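Visitor: this one's structure only:
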């Protein structure tokens, strides 16, 4: 399948030039029409037509927002192509607005690219509506804390498969982490077992994710929202590669998400394994609920796979760069668990340093630096500042994680910041990673447990070190991140070796000769 470059700069230039007079007139008219009762929050310069567009690096906007936080404060206003934006850089402000005033801040903006790419079913992108509420009902039934306990055995099994894969081909660790994230979601959501790395169902779904990551960018959404006629340009038009990818995604998305549903239906009578789909199908749902189930299942895969893989790749990086942290965590595991078994979820309360490492992992390089935006349903005033109706509200989780008042020396990977002086786990020390309010990630308990069991298992079995070149010199790592549905770390050289022959034999014996191609 072909993919196309989708950079919209040429279209931006064309549209800004061709419609500049209109926006300049609108800008002047707004300035003469009288100011609001309260001032807007402070923020960067607002140029005619483009607003603050040129002050933002669209590939990593959270970095600009974090710089603005230091200059302007916890709540910042800017405007792009006539649209008001509010960035929340403080957890306190986020909880005040998105939780205590959630009725006004739970809607999503209308984004042209969602429909264009055939992904307007996605729970995370839905407006606050009856359809979204039907999704929330399904998630509450299947993903609430007391419900996700039934999936622990699946997570434990998949973690062991991950260990076996790393034993057999450690150089392919990034691929193994990707397979781990996908296999857990496919099993928990659809009851679908990935039989090998190139599973066709998963490969097709990941094509959709790839297309979505290229297409659902904020700058493209703003461009199509400001200039609606661009949605109708022909796919062959110069600079319209996004339209070609959108057409591919529209066709592919329904097909790839139907396949695992059909698999679940066929296997309900032959398996007792719980999944989101099997739980809903067992209730003989009506057509509306069936569609909501299908939407929720697909949304779960889109949201869950990339973030799990991303977080675990950052874990490997952290262990390679910080051997002292790795050694202390492994010492705790060895002391509490011993050599005869691997960690499981019941050990979690007894491993405070491992838990502190887990929290620091989500803080140090969060996979989701910015929340999915909400939209202000009503005009509001907060701390003396106006929040206009229709303003796009974004929470900057990166700024919260790098708050120097809460996390001194924030660029340092330092799990001890989450412990008290006597070595116990501190209360509420973790940085927010799953959002706020009514739009908080419904799969957070699944994601939390999947990452924890994987990192605890890897710590128990492996030693992570810098790779060594042909001359015996350690290879220095220069981390490179790319942004898609989640923020991803590109593959880097490292050494992953077993540190426990007894645990290694335990893992190998579990699979009765399973080979690398099986996992």
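Guide: Cool, got the structure. Not measured: the values here are computed from a predicted model. Numbers count the residues shown, from 1 in each chain.
Visitor: buried ones in stretch 378-389, by neighbour count?
Guide: 380, 382, 385, 386, 387, 388 (16 or more other C-beta atoms under 10 Å). (C-beta placed from N, C-alpha, C; glycine too.)
Visitor: which residues are contacting that stretch?
Guide: For stretch 378-389, the external contacting residues (C-beta atoms under 8 Å, 6 or more residues apart in numbering) are 36-41, 75, 77, 84, 86, 93, 96-97, 101, 104, 376-377, 393.
Visitor: from these, which land in strands?
Guide: Judged by DSSP state E, strands contain the following of the contacts of stretch 378-389: 75, 77, 84, 86, 393.
Visitor: make TSV from those and add distance to residue 447, neighbour count and pLDDT to it.
Guide: TSV is the format used below for the ones in strands among the contacts of stretch 378-389 (distance: C-beta to C-beta, whole Å; neighbours: other C-beta atoms under 10 Å; pLDDT from 0 to 100):
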residue	distance to residue 447	neighbour count	pLDDT
75	28	24	98
77	32	23	96
84	32	20	93
86	27	29	97
393	23	23	97
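Visitor: list just the nearest of these to residue 53.
Guide: residue 84 (13.5 Å; C-beta to C-beta).
Visitor: who does that closest one bridge with?
Guide: Beta-bridge partners of residue 84, counted by DSSP bridges, are residue 79.
Visitor: my guess is it contacts residue 77. True?
Guide: Yes - the criterion here is C-beta atoms under 8 Å, and residue 84 meets it with residue 77 at 6.8 Å.
Visitor: hmm, back to that, how about the ones in strands among the contacts of stretch 378-389 in a markdown table, adding distance to residue 112?
Guide: Formatted as a markdown table, those follow (distance: C-beta to C-beta, whole Å):
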| residue | distance to residue 112 |
| --- | --- |
| 75 | 27 |
| 77 | 23 |
| 84 | 18 |
| 86 | 21 |
| 393 | 19 |
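Visitor: which of these lies closest to residue 172?
Guide: Ranked by distance to residue 172 (C-beta to C-beta), those are led by residue 393 at 40.5 Å.
Visitor: that closest one against residue 377, yeah?
Guide: No - contact criterion C-beta under 8 Å: residue 393 and residue 377 do not qualify, at 10.2 Å.
Visitor: for residue 178, helix, strand, or coil?
Guide: Taken by DSSP: H, G, I helix; E, B strand; the rest coil, the conformation at residue 178 corresponds to helix.
Visitor: which ones among the buried residues of stretch 378-389 are found in strands?
Guide: 380, 382, 385, 386, 387.
Visitor: neighbours of residue 238, how many?
Guide: Per other C-beta atoms under 10 Å, the neighbour tally for residue 238 reads 9.
Visitor: which pLDDT does the model give it?
Guide: Looking at residue 238, its pLDDT is 72.
Visitor: repeat that for residue 484.
Guide: 70.
Visitor: can I get the buried part of the contacts of stretch 378-389 as one ChimeraX selection?
Guide: The ChimeraX selection below is limited to those of these classed as buried (16+ other C-beta under 10 Å):
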select :40,41,75,77,84,86,93,96,97,101,104,376,393
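Visitor: in which helix or strand does the nearest residue to residue 148 once chain neighbours are set aside reside?
Guide: Excluding its sequence neighbours, the residue lying closest to residue 148 (C-beta to C-beta, 6 or more residues apart in numbering) is residue 445, at 4.8 Å. For residue 445, the host element (DSSP states H and E) is helix 444-461.
Visitor: same for the very next helix or strand once past that helix, what does it pack against?
Guide: Helices and strands here follow DSSP H and E; after helix 444-461, the next one along the chain is strand 462-465. Packing contacts for strand 462-465, counted by 3 or more C-beta pairs under 8 Å, 6 or more residues apart in numbering; DSSP states H and E, involve helix 287-321, helix 323-337, strand 495-498.
Visitor: the last one pairs with which strands, and in what direction?
Guide: Strand 495-498 has the following sheet partners, assigned by DSSP bridges: strand 462-465 (antiparallel).
Visitor: what residues of the strand it pairs with count as buried?
Guide: Neighbour counts using 16+ other C-beta under 10 Å place 462, 463, 464 of strand 462-465 among the buried residues.
Visitor: for residue 264, see how far away residue 232 is.
Guide: According to C-beta to C-beta, to the nearest Å, residue 232 stands 38 Å off from residue 264.
Visitor: the more surrounded of these two?
Guide: Set residue 232 next to residue 264 and count neighbours by other C-beta under 10 Å: residue 264 wins out with 22 against 7.
Visitor: setting aside sequence neighbours, what's the nearest residue to the more buried one?
Guide: Nearest to residue 264 is residue 277, by C-beta to C-beta, 6+ apart, at 4.2 Å.
Visitor: and for the residue nearest to residue 148, the neighbour number?
Guide: Burial measure for residue 445: 18 neighbouring residues, criterion other C-beta under 10 Å.
Visitor: these two touch, right, it and residue 145?
Guide: Yes - the criterion here is C-beta under 8 Å, and residue 445 meets it with residue 145 at 5.4 Å.
Visitor: residue ranges with poor pLDDT in the stretch 151-300 of the chain?
Guide: 195-197, 215-231, 236, 239, 272 (pLDDT under 70).
Visitor: show me where it has helices.
Guide: Using DSSP state H, counting those that start in this stretch, the helices of the stretch 151-300 of the chain run over 152-168, 173-190, 200-215, 218-226, 241-267, 276-281, 287-321.
Visitor: okay, those, which one's buried deepest?
Guide: helix 173-190 (a mean of 24; mean count of other C-beta atoms under 10 Å).
Visitor: anything in contact with each of residue 393 and residue 377?
Guide: residue 105.
Visitor: which one of the buried residues of stretch 378-389 is nearest to residue 69?
Guide: When those are compared for distance to residue 69 (C-beta to C-beta), residue 385 wins out at 14.5 Å.
Visitor: give me the distance between the closest one and residue 97.
Guide: On the measure of C-beta to C-beta, residue 385 and residue 97 end up 11 Å apart.
Visitor: which one of the helices and strands packed on strand 462-465 lies nearest to residue 256?
Guide: Between the helices and strands packed on strand 462-465, helix 287-321 lies closest to residue 256; by C-beta to C-beta that is 8.4 Å.
Visitor: ok and the closest one relative to helix 241-267, angle-wise?
Guide: Calculated by axes from the mean of the first three to the mean of the last three C-alpha atoms, to 10 degrees, helix 287-321 forms an angle of 110 degrees with helix 241-267.
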